[in-house]
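Trainee: Need the 3D shape of this:
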Amino acid sequence: MDPDTGKIRWYFQPSPHDTHDWDAVETPVLFDRDWRGKDGKTAPRHLLAQASRNGYFFVLDRSTGENLLTSQFIPTDWAKGLDAKGQPIGDPQKEAVPGGALVHAVANGATNWQPPSYDPETGLFYLNGQEGWSFWYSALDKDGRPEDHQGGSAISVSEKSVLVAVDVQTGTVRWQTETGKPRVSAGVLTTAGHLLFSGDGDGNLYALDPATGKPLWHTRPSSNIVGGPMTYEIDGKQYIVMAAGDTLYAFRLPR
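Mentor: As a prediction, this is how the structure comes out:
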């Protein structure tokens, strides 16, 4: 949107005609980098990247809204392809029906509001996601109206949480690691000191090598981590702080 007039400059729909309630609520990340175009030439571009709840990763030119990349960061089969704008085309066979439809995606979506992170050194985009299957069915309430606002309901029949590292230029998953079965509510923080901080479903705060996913450190506070870890500096000393339950924990880095 134009901040001076409020007029829409451009728009892009990650899930046109969304029937699964996978609204695109994860924070978009803005960054600038050289981008190799379809003609093979490389040029600097102002970019926007988002990993959406529908399981697709998008990179757009944030000045024009042009879609530069669409890929899956979590295996899913609710769409049968992409349109000319890079938007997924829903498969009618994967929508809620009275007899039920099995969909390769968890009911709540492949990710959610937890903040992701982009590391310009590795060229990777990091997020906490969920992989699995769900069963979508349609039902009517006692007044004959659809039970849910999109005309169907769903239950997950298999799910696991994963931390995923996506190459922003190619859309390929460079590495991923399992983070437990419950949905992870922690965000991701990457630093210029070549560290990645996040939390898992077992209540751990951990640090990984952002290039490889190798574990470097972990600790376990009193409860599962919610929101995104953050970092700050006081008197030349670097701190990491995160929220677990109703408590904030701060850790000072050795150097």
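Trainee: Run the chain-centre distance for stretch 205-213.
Mentor: 17 Å (Cα atoms, centre = their mean, to the nearest Å).
Trainee: mind checking the end-to-end distance for it?
Mentor: 14 Å (Cα to Cα, to the nearest Å).
Trainee: Determine how far the last residue of stretch 208-221 lies from the first.
Mentor: Stretch 208-221 end-to-end distance (Cα to Cα) = 18 Å.
Trainee: Show me what the mean pLDDT comes to for stretch 100-113.
Mentor: When pLDDT is averaged along stretch 100-113, the result is 94.
Trainee: Keeping just the C-alphas, turn that stretch into CSV.
Mentor: Below are the C-alpha coordinates for stretch 100-113, written out as CSV (Å, rounded to 0.1, in the frame of the first residue of the first chain):
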residue,chain,number,x,y,z
GLY,A,100,-14.0,-36.7,3.9
ALA,A,101,-10.8,-36.0,2.0
LEU,A,102,-7.3,-37.0,3.1
VAL,A,103,-4.9,-34.1,2.6
HIS,A,104,-1.1,-34.1,2.9
ALA,A,105,-1.0,-31.2,5.3
VAL,A,106,-1.9,-30.7,9.0
ALA,A,107,-5.2,-29.1,9.7
ASN,A,108,-3.8,-25.9,11.2
GLY,A,109,-1.4,-25.4,8.3
ALA,A,110,2.3,-25.8,7.6
THR,A,111,3.3,-22.9,9.8
ASN,A,112,1.6,-20.0,11.6
TRP,A,113,2.4,-16.6,13.2
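Trainee: Give the residue spans of the stretch 151-255 of the chain that score low on pLDDT.
Mentor: 151, 255 (pLDDT under 70).
Trainee: how about the spatially most central residue of the chain, what does it touch?
Mentor: Geometric centre of the chain, nearest residue: Ala51, 3.9 Å, by Cα atoms, centre = their mean. For Ala51, the contact set (Cβ atoms under 8 Å, 6 or more residues apart in numbering) comprises 26, 57-58, 73, 110-111, 116, 125, 127, 129, 164, 166. For the C-beta atoms, the positions are set from N, CA and C on the backbone; glycine is no exception.
Trainee: Which strand residues bridge it?
Mentor: According to DSSP bridges, Phe57 are recorded as the beta-bridge partners of Ala51.
Trainee: and which of the contacts of Ala51 is nearest to Thr212?
Mentor: Val164 (13.8 Å; Cβ to Cβ).
Trainee: sec struct for Gln93, please.
Mentor: With DSSP: H, G, I helix; E, B strand; the rest coil as the basis, Gln93 sits in helix.
Trainee: Tally up the residues packed near the spatially closest residue to it that is not a sequence neighbour, please.
Mentor: The shortest distance from Gln93 to any non-neighbouring residue, by Cβ to Cβ, 6 or more residues apart in numbering, is to Ala101 (6.6 Å). Using other Cβ atoms under 10 Å, Ala101 has 19 neighbouring residues.
Trainee: Correct me if wrong: Ala101 contacts Gly90.
Mentor: No. Under the criterion of Cβ atoms under 8 Å, Ala101 is not in contact with Gly90, lying 11.7 Å apart.
Trainee: List the residues that are in contact with both of those two.
Mentor: Contact criterion Cβ under 8 Å, 6+ apart; residues shared by Ala101 and Gly90: none found.
Trainee: circling back to that earlier point, so which of the contacts of Ala51 sit within strands?
Mentor: Among these, DSSP state E puts 57-58, 125, 127, 129, 164, 166 in strands.
Trainee: Please tell me which one of the residues you listed counts the most neighbours.
Mentor: Leu127 (30 neighbours).
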